[in-house]
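Chemist: Here you go, sequence then predicted model.
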Amino acid sequence: MLDSTDMRVIDELSKNSRITMKELGEKVHLTGQAASDRIAKLEDSGVIEGYTIKVNQSKLGCHVHAFITIMTQSINHQPYISFIKTQEQYVIYNYKISGDGCYLLECKFPSNEVLDEFLEELNEYANYKLSIVINK
């Protein structure tokens with residue numbers, strides 16, 4: 001069972017996973033060592049599964065941000081999934097969903113031309129509905 005201190009530790013790490021243990025301890029009213037022990041306990045119990053970074057895709061040259069609702073053409077989704085695995089440089093997330101589609105892709109592309117090529121290849125495996133992000 002998590003207590004309020006555990007939740008504060010998780011909240012602070014979610015904001016900045018590179019925070020020092022001393023700084024974290026000060027924010028959650030623990031010593032640095034006690035904060036470190038809490039994190040180890042949360043990691044051991046599987047509450048904290050890992051740490052990630054947030055990448056600015058635009059600064060990497062990917063300026064077209066798209067959400068693509070996928071409707072597979074058959075009940076066998078494996079051809080679609082295999083195709084998506086070859087496109088990891090563009091796919092941020094591939095969510096399996098319920099509702100209007102089977103999957104929701106979040107993608108970043110360097111240009112509309114590359115997006116168009118991706119969609120032409122995708123069309124061999126699934127139908128889709130495209131939404132382009134205008135502003136975040």
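Modeler: Received it, and whenever you're ready, just let me know what you need.

Chemist: right, and Lys129 touches Cys102 too?
Modeler: No: counting by C-beta atoms under 8 Å, Cys102 is not a contact partner of Lys129; they are 11.6 Å apart. (C-beta placed from N, C-alpha, C; glycine too.)

Chemist: what sits in contact with each of those two?
Modeler: The contact sets of Lys129 and Cys102 overlap at Met71 (C-beta atoms under 8 Å, 6 or more residues apart in numbering).

Chemist: which of those two has more neighbours?
Modeler: Cys102 (19 against 12; other C-beta atoms under 10 Å).

Chemist: Which residues are in contact with the more buried one?
Modeler: Counting by C-beta under 8 Å, 6+ apart, Cys102 touches 70-72, 77, 96, 126.

Chemist: Kindly reformat the residues you listed as TSV containing distance to Thr52 and pLDDT.
Modeler: TSV is the format used below for those (distance: C-beta to C-beta, whole Å; pLDDT from 0 to 100):
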residue	distance to Thr52	pLDDT
Ile70	24	97
Met71	30	95
Thr72	28	90
His77	26	94
Lys96	20	96
Ala126	28	94
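
Chemist: Tell me the buried residues within those.
Modeler: Among the contacts of Cys102, those scoring as buried are 70, 72, 77, 126 (criterion: 16 or more other C-beta atoms under 10 Å).

Chemist: which one of these sits closest to Ala40?
Modeler: His77 (38.8 Å; C-beta to C-beta).

Chemist: From the centroid of the protein, which residue is nearest?
Modeler: The residue lying closest to the centre of the chain (C-alpha atoms, centre = their mean) is Tyr93, at 5.5 Å.

Chemist: So for it, what pLDDT did the model give?
Modeler: Looking at Tyr93, its pLDDT stands at 95.

Chemist: Quick check: chain neighbours aside, which residue is closest to the residue lying farthest from the centre of the chain?
Modeler: Distance from the C-alpha centroid of the chain peaks at Thr31, with 31.9 Å (C-alpha atoms, centre = their mean). Using C-beta to C-beta, 6 or more residues apart in numbering and skipping residues adjacent in sequence, the residue nearest Thr31 is Gly25, 5.2 Å away.

Chemist: Buried residues, the helix or strand where the one you found lies. List them.
Modeler: In this structure, Gly25 sits in helix 21-28 according to DSSP states H and E. For helix 21-28, burial by neighbour count (16+ other C-beta under 10 Å) applies to 21, 24-25, 27-28.
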